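**Student:** just need the structure, nothing else, for what follows:
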Amino acid sequence: MICTSKTIKAYRSLFVIRVAENLQYRAAAIINSSVGIFWSIMQIVVFTIFFTFGDVGEASMTLPQAITYAWFAQVLWRLTGWLSLDTDIRGKIIGGNVALDLCRPMDLYTHWYAQTIANRVGGAAWRIVVTLGTALIVPAALRLLPPASLAGFLLFIVSVCIGVFLCAAFAMLMAAVRVGLTWGDGPTYMLEMIGMFLNGSYFPLALWPDFMQRFLLLQPFAGLMDIPIRLYIGLLLPQDAVWVIGLQIFWAIAFVVVGKHILHRRICQLIVQGG
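**Tutor:** Now for the predicted structure:
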């Protein structure tokens with residue numbers, strides 16, 4: 001479907017409405033943020049014990065950098081780290097309501113892609129504010145580090161924005177895989193767990209064994225959280241931004257192309273019953 005000014009306006013309106021809806025649930029967002037803060041502190045305690053009493057040798061990051069990584073992993077969790085398929089889209093696929101969206105004068109993939117981004121941005125706003133605010137006021141030993149450089153901070157912002165598009169593209173790939181499946185959510189759950197394990201949500205990728213570092217940086221999930229955070233704390237220098245951000249863009253485009261192809265094939269084979 002060719003995007004006209006009317007369809008672009010429709011996608012923009014959908015995005016604004018979805019963001020506004022997510023911003024309304026302040027109580028749920030604050031509760032969700034408290035869980036993130038608690039998890040950050042737990043990770044910081046583990047990192048402190050590890051760096052203080054463990055045999056870290058020539059570790060690729062310092063304890064303050066690891067603490068900052070832990071905070072940002074929770075700040076960005078709802079935005080780029082959480083890889084679960086959009087709840088509304090999952091419900092439509094399982095309930096058979098995909099046909100309703102097919103009746104809209106919009107491309108289904110672009111419609112769901114815009115909806116996915118909107119839900120992530122709207123759902124993450126309160127968590128970012130509360131968690132980041134807490135990270136800046138806690139005692140100095142637990143506090144978030146300032147960015148390694150101004151250039152690193154600006155590149156961090158750019159990388160996070162691209163990470164949102166990459167995350168939505170991966171979510172849409174899972175949606176495409178799920179359409180037409182009659183044996184449950186097993187494949188999508190497996191993809192989600194692999195992605196969250198490899199994006200740095202649970203453990204900084206820089207602390208993995210040295211022989212895995214090249215693979216960990218090149219694989220697509222590093223672009224969701226790990227690469228932006230490394231740019232912030234200085235493990236990746238500004239001169240590295242060209243290839244790492246280019247890598248993020250490459251994987252985002254690849255996920256879009258593959259996801260759109262799979263979704264188109266599944267929709268062509270879809271059988272809708274009822275009336």
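**Student:** centre-most residue in the chain?
**Tutor:** T80 (1.5 Å; C-alpha atoms, centre = their mean).
**Student:** what residues does that one make contact with?
**Tutor:** 120, 160, 163-164, 166-167, 199, 224-225, 228 (C-beta atoms under 8 Å, 6 or more residues apart in numbering). Quick note: C-beta positions are derived from backbone N, CA and C, even for glycine.
**Student:** now with 10 Å?
**Tutor:** By C-beta atoms under 10 Å, 6 or more residues apart in numbering, the contact set of T80 is 120, 124, 159-168, 170, 199, 201, 221, 223-225, 228.
**Student:** one more: P209?
**Tutor:** L216.
**Student:** for W208, same thing?
**Tutor:** 60, 198, 200, 215-216.
**Student:** pLDDT below threshold where in the stretch 151-275 of the chain?
**Tutor:** Residue ranges of the stretch 151-275 of the chain with pLDDT under 70: 182-184, 271-275.
**Student:** quick one, helices of it?
**Tutor:** 186-198, 213-218, 226-233, 241-269 (DSSP state H, counting those that start in this stretch).
**Student:** which strands or helices does the longest one pack on?
**Tutor:** Contacts of helix 241-269 with other secondary structure elements, assessed using 3 or more C-beta pairs under 10 Å, 6 or more residues apart in numbering; DSSP states H and E, are made with helix 98-102, helix 108-137, helix 150-178, helix 213-218, helix 226-233.
**Student:** 6 Å instead, please
**Tutor:** Applying 3 or more C-beta pairs under 6 Å, 6 or more residues apart in numbering; DSSP states H and E, we find helix 241-269 packed against helix 150-178.
**Student:** could you give the angle of the helix it packs on to helix 226-233?
**Tutor:** 170 degrees (axes from the mean of the first three to the mean of the last three C-alpha atoms, to 10 degrees).
**Student:** drop anything exposed from the contacts of T80.
**Tutor:** 120, 124, 159-160, 162-168, 170, 199, 201, 221, 223-225, 228 (16 or more other C-beta atoms under 10 Å).
**Student:** I appreciate the help and will end here.
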